[in-house]
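Colleague: fold the following for me, if possible:
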Amino acid sequence: MIERPNALSGTTRNPWNLDLTPGGSSGGAVAAVAAGIGPLALATDGGGSIRRPCAYTGLIGLKPTWDAVPRADGLPEMLPGLEVIGPIARTTADLVRILQVLAPAMHTIDLAAPSPRPQRIAYWRAIAGSPVDAAIADQVDAVAVRLRAMGHVMLEAEAPDAVARFNREAWPVLSATGLAAVLRDRAGDEGLLSPAMAELLAAGRRLSAVDLFAAQALQREVRTAMARVFESWDLILTPSCAAMPWAAPRSHPSQIAGCAVGARGHAVFTAFVNAAGLPALNLPALNLPAEPGVDGLPIGFQLVGPQGSDALLCTIGHAFEQRHPWQHRRPALAAVAPLSEILSA
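Modeller: Residues are numbered from 1 along each chain as shown. Below you'll find the model as predicted:
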């Protein structure tokens, strides 16, 4: 689907390639940090809106554990029980600095402490056979090898059926009814919606309370299923996105790895994290720019942990970054250094 430019600010573009999208919905935040407008950003994540844009722009992004960051008096909540506020940065050290401001309980994170014990990591290469672009699959396979070389136990595993069902059955209902609720008393704003969002609003107005209750029940199934997963595994590794960045004017890719996909085909790896209230960290997959054949574009991977494991994810991410640094790699137009360099100057 081709979108018209944003009615307020025009089309947001990826600083690594201005013809491409930075992803969404926190595309403006990641574009600003990647381009050097500032060293840090805050964003919301209801189904991957921090992690996927960070993956497309070579940044670190944390979706915190549900309720770890206070959300009172903030933006209207379109996805109740799913949305969180989280930080975006160029390095894990910068990310921890802002996280400690957002969530006082995170003051105990000490990146200088000895590395934690080796983790048992389940690698989900796909969700129920969902297509993944070859460049992404290859890079995240390489990440799995590198995590194993760091001493972690890595094994491929299958996602619970509830995860795929949530993507397919519950997410369309939760997102559409949430938008309809937010705009219930704001009819005058409907003209500002993009075609994709206008279609989502119409769908939300057609759905019933019974549909919403069924979607919420499936969300609870995801929480139960993920609790069982973490009885056997410490962390989960996935790609952050299933598709490479697409043309900026489009809302989503129509194909991934030669397969036709819908609006959320690129986003299959992220929403289950929100459904279960889990923390997840996006990291750049390898030393950027990416290997030849991917046009130098960043590729991200995601580490997911059980509730309350935000500090562990940051520590593991920092250890990976120390072995495979990327912060010196920036788009040609980026000018601002990471916050850690600014503060030490």
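Colleague: just checking, residue 283 touches residue 298?
Modeller: No: with contacts defined as C-beta atoms under 8 Å, residue 283 does not count as touching residue 298, sitting 10.3 Å away. Heads up, the C-betas are built off the backbone N, CA and C, glycines and all.
Colleague: what are the boundaries of the strands in the stretch 201-345 of the chain?
Modeller: For the stretch 201-345 of the chain, applying DSSP state E, counting those that start in this stretch gives strands covering 235-239, 255-256, 259-260, 280-284, 300-304.
Colleague: packing partners for the last one?
Modeller: Which is strand 300-304. helix 51-57, helix 134-149, strand 235-239, strand 280-284, helix 310-323 (3 or more C-beta pairs under 8 Å, 6 or more residues apart in numbering; DSSP states H and E).
Colleague: out of those, deepest packed?
Modeller: Most buried of the helices and strands packed on strand 300-304 by mean neighbour count (mean count of other C-beta atoms under 10 Å) is helix 51-57; its value is a mean of 33.
Colleague: could you pull out the strands for the stretch 51-200 of the chain?
Modeller: In the stretch 51-200 of the chain, strands defined by DSSP E, counting those that start in this stretch lie at 60-63, 84-89, 120-123, 153-156, listed in chain order.
Colleague: may I have the last one as CSV, with CA atoms only?
Modeller: Translated: strand 153-156. C-alpha atoms of strand 153-156 as CSV (Å, rounded to 0.1, in the frame of the first residue of the first chain):
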residue,chain,number,x,y,z
VAL,A,153,24.0,-22.4,24.9
MET,A,154,22.2,-21.9,21.6
LEU,A,155,19.6,-24.2,20.1
GLU,A,156,16.9,-23.7,17.5
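Colleague: which strands or helices does it pack on?
Modeller: For strand 153-156, the elements it packs on are strand 120-123, helix 134-149, judged by 3+ C-beta pairs under 8 Å, 6+ apart.
Colleague: give me the below-cutoff pLDDT ranges for the chain.
Modeller: Counting by pLDDT under 70, the chain has low-confidence residues at 1-9, 286-294, 333-345.
Colleague: which residues of it fall in helices?
Modeller: Residue ranges of the helices in the chain, as given by DSSP state H, are 27-35, 51-57, 92-102, 134-149, 161-165, 171-182, 195-206, 209-232, 271-275, 310-323, 339-344.
Colleague: in CSV, list the ones you listed along with distance to residue 259.
Modeller: Rendered in CSV, the data for the helices of the chain read as follows (distance: least, C-beta to C-beta, whole Å):
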stretch, distance to residue 259
helix 27-35, 24
helix 51-57, 19
helix 92-102, 34
helix 134-149, 12
helix 161-165, 15
helix 171-182, 19
helix 195-206, 20
helix 209-232, 24
helix 271-275, 19
helix 310-323, 30
helix 339-344, 40
